[in-house]
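In: model the following, please.
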Amino acid sequence: MKRRTFFKRLGQGLLIFAAMLAVVIVFFLIISKPAPAHPWFAARPGDHRPLVFAHQGGENLWPSNTMLAFQNSVELGADVIDTDMHLTKDGVLVLMHDQTVDRTTDGTGAIRDLTLAEIKSLDAGYDFSLDNGQTFPFRGQALTVPTLEELFQALPDKRFGIEIKQTEPVETAQRFCAMIRQYHLESSVLVSSFRQSNMDEFRRQCPEVATSATQEEVTVFFALNTIGLSAAYTPNYHSLQVPETFSIFTVLTPQFVAGAHGRGLAVQPWTINDEADLKRILALGVDGINTDNPDRLLNLLR
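Out: The predicted structure follows:
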């Protein structure tokens, strides 16, 4: 008798929980809103569909994150200059992927421990090779690590995708936001970061600038979309920059793209280089592709 009563009460409890959960879901479905529109995503003359992001300026073609790479990728026809940003010891925003200068220059050390003058003295084309280290055609060609300001001054009419790599969110966000406003590029910069603290602080400092989802935010959206509840989600960002797969999960699927578009979110996968992979991703109807080989993607789109 006691056992029967227990299961009866358990069933009643589960029904109450299910009813409460349904009410919560319906509530969020009613109040949820899609991502707000932002001028970064407005069509521009000459745009490709999807947009071609030159990852680090086209890392497989030219020395990573150099003005040579950025300018060459623009001449090639890339729509978006993708780059990465750090803060030097003396508070200058410079463009480099790694936390240290070791991989791409003839120097050593963490960017945060070096002054701008020390970083500018390095050869930014030193380790770039197109033949697996047999030759280094850009050594001694006066390539330096660029500052964010140099990029904005040289290419004021381009779109930018800029990832905040730095771990000092407040100072970085303040300087970054001030630079964007100084050059009136609020409609031309899309900001990303893996670190939630970086993104939270940047959004607080610079709410008018478009941002992409952090890894934590992508995880939440992916989970909700997988169980069919993305329509109950209100994103506070504008795009999903994601890999095709993560761990055991395939992120980029028709369901993921459809769910993102239903929430007004652009889907911009990274970093897709092989021609077969590019063709497969193109077939999903994504909004942009970040690639080390913008030449291959442009050839496919042409």
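
In: every contact and neighbour count from this point should use C-alpha atoms.
Out: Will do.

In: where do the strands sit along the protein?
Out: 51-54, 80-87, 93-95, 159-164, 189-192, 210-211, 239-240, 245-246, 249-250, 266-267, 288-291 (DSSP state E).

In: so can I have TSV of those strands showing mean pLDDT, distance to Phe152 and mean neighbour count?
Out: Formatted as TSV, the strands of the chain follow (pLDDT from 0 to 100; distance: least, CA to CA, whole Å; neighbours: other CA atoms under 10 Å):
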stretch	mean pLDDT	distance to Phe152	mean neighbour count
strand 51-54	98	16	28
strand 80-87	98	11	26
strand 93-95	98	12	25
strand 159-164	98	9	23
strand 189-192	98	10	23
strand 210-211	98	17	26
strand 239-240	98	22	26
strand 245-246	92	33	11
strand 249-250	94	36	10
strand 266-267	98	24	23
strand 288-291	98	20	26
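
In: tell me which of those strands sits nearest to Leu301.
Out: strand 51-54 (9.5 Å; CA to CA).

In: what helices or strands is the closest one leaning on?
Out: Helices and strands in packing contact with strand 51-54 are listed as strand 80-87, strand 288-291, helix 294-301; criterion 3 or more CA pairs under 8 Å, 6 or more residues apart in numbering; DSSP states H and E.

In: make CSV from the strands of the chain and add distance to Glu150 to it.
Out: Output for these, formatted as CSV (distance: least, CA to CA, whole Å):
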stretch, distance to Glu150
strand 51-54, 18
strand 80-87, 13
strand 93-95, 9
strand 159-164, 13
strand 189-192, 15
strand 210-211, 21
strand 239-240, 26
strand 245-246, 35
strand 249-250, 38
strand 266-267, 28
strand 288-291, 22
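
In: for Thr66, find the nearest of the ones you listed.
Out: Using CA to CA, the nearest of the strands of the chain to Thr66 is strand 93-95, at 7.9 Å.

In: helices or strands up against that closest one?
Out: strand 80-87, helix 148-154, helix 169-182.

In: could you identify which of those is most buried?
Out: Among the helices and strands packed on strand 93-95, ranked by average contacts under mean count of other CA atoms under 10 Å, first place goes to strand 80-87 (a mean of 26).
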